[in-house]
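1. predicted model and sequence below, questions to follow.
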Amino acid sequence: MSLLDMPKQSPELFVETIKEIAEPLIEHVDSLGFKDEQFYQLLKQGVSISEMLDLSKEELGAVYEMARRNISVGQVEKAKSLFIMLVQIAPMEEQYTYGLAMTYQIQGDVRMAVKLYLHFISMDATNPQGYLRLGECLMAAKEYQEAGDAFEAALRMFDDPVKNYDDKKYAQTMMKSARQKLV
């Protein structure tokens, strides 16, 4: 079964998936003191926690930079905690999902990284970085056909011959490598 295959949906699986996602969020939110009904009504209306707390883009950006720097110095678990928090409080900011996916990829959990990169791609299908990282995860899982397809999708997005030259060359090399492993 491919990492990209969606499992057959059942009511039990749906409930389990929701619990897996929601329980940590609810615990975190409750720890912030948001146990009242008004909070949950706002969530139902699509108001994010960052909006409820009136957090500015600059404040969220500072946490994002802290998480990125933690990755660069090898503090992946700290970065992961920060990205989890960012995804929970500002779920529509795609770069937070990308950062979280990256932490799972670095830690070798390609199954979770693939799910998060697919989510990132669903929010920003024009960003080739999501396809590059997805391809890397699929290569690690030895899913060479799908990896090649992901690298090819990224490659099609690099239309400027100068801009992103290194990423374009990387996508070409990785696509070729994935295709060669198929033979």
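-> Happy to help now that I have it.

2. excluding residues flanking it in the chain, which one is nearest residue 170?
-> Distances taken as CB to CB, 6 or more residues apart in numbering put residue 132 closest to residue 170, at 7.0 Å, once the chain neighbours are dropped. In this view, the C-beta of every residue, glycine as well, is placed from N, C-alpha and C.

3. tell me, how many neighbours does the one you found end up with?
-> As a burial measure, residue 132 scores 20 neighbours (other CB atoms under 10 Å).

4. can you tell me how far it is from residue 166?
-> Using CB to CB, to the nearest Å, residue 132 is found at 11 Å from residue 166.

5. residue 174 too?
-> Counting by CB to CB, the gap from residue 174 to residue 166 is 12 Å.

6. and residue 75, by the same measure?
-> Counting by CB to CB, the gap from residue 75 to residue 166 is 26 Å.

7. do residue 121 as well
-> Counting by CB to CB, the separation of residue 121 from residue 166 is 21 Å.

8. which of those two has more residues huddled nearby?
-> More crowded of residue 121 and residue 166, by other CB under 10 Å: residue 121, with 23 against 7.

9. list the residues that contact the nearest residue to residue 116 once chain neighbours are set aside.
-> Counting by CB to CB, 6+ apart, residue 116 lies nearest to residue 101, which is 3.4 Å off, once chain neighbours are set aside. Counting by CB atoms under 8 Å, 6 or more residues apart in numbering, residue 101 touches 112-113, 116-117, 119-120, 133.

10. redo those residues as JSON lines? Include secondary structure, neighbour count and pLDDT.
-> Below are those laid out as JSON lines (DSSP: H, G, I helix; E, B strand; the rest coil; neighbours: other CB atoms under 10 Å; pLDDT from 0 to 100):
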{"residue": "112", "secondary structure": "helix", "neighbour count": "16", "pLDDT": "93"}
{"residue": "113", "secondary structure": "helix", "neighbour count": "26", "pLDDT": "95"}
{"residue": "116", "secondary structure": "helix", "neighbour count": "25", "pLDDT": "94"}
{"residue": "117", "secondary structure": "helix", "neighbour count": "29", "pLDDT": "96"}
{"residue": "119", "secondary structure": "helix", "neighbour count": "17", "pLDDT": "93"}
{"residue": "120", "secondary structure": "helix", "neighbour count": "25", "pLDDT": "96"}
{"residue": "133", "secondary structure": "helix", "neighbour count": "22", "pLDDT": "97"}
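
11. among those residues, which one lies nearest to residue 95?
-> residue 120 (8.4 Å; CB to CB).

12. my guess is that closest one contacts residue 92, does it?
-> No: applying CB atoms under 8 Å, one finds residue 120 not in contact with residue 92, separated by 11.8 Å.
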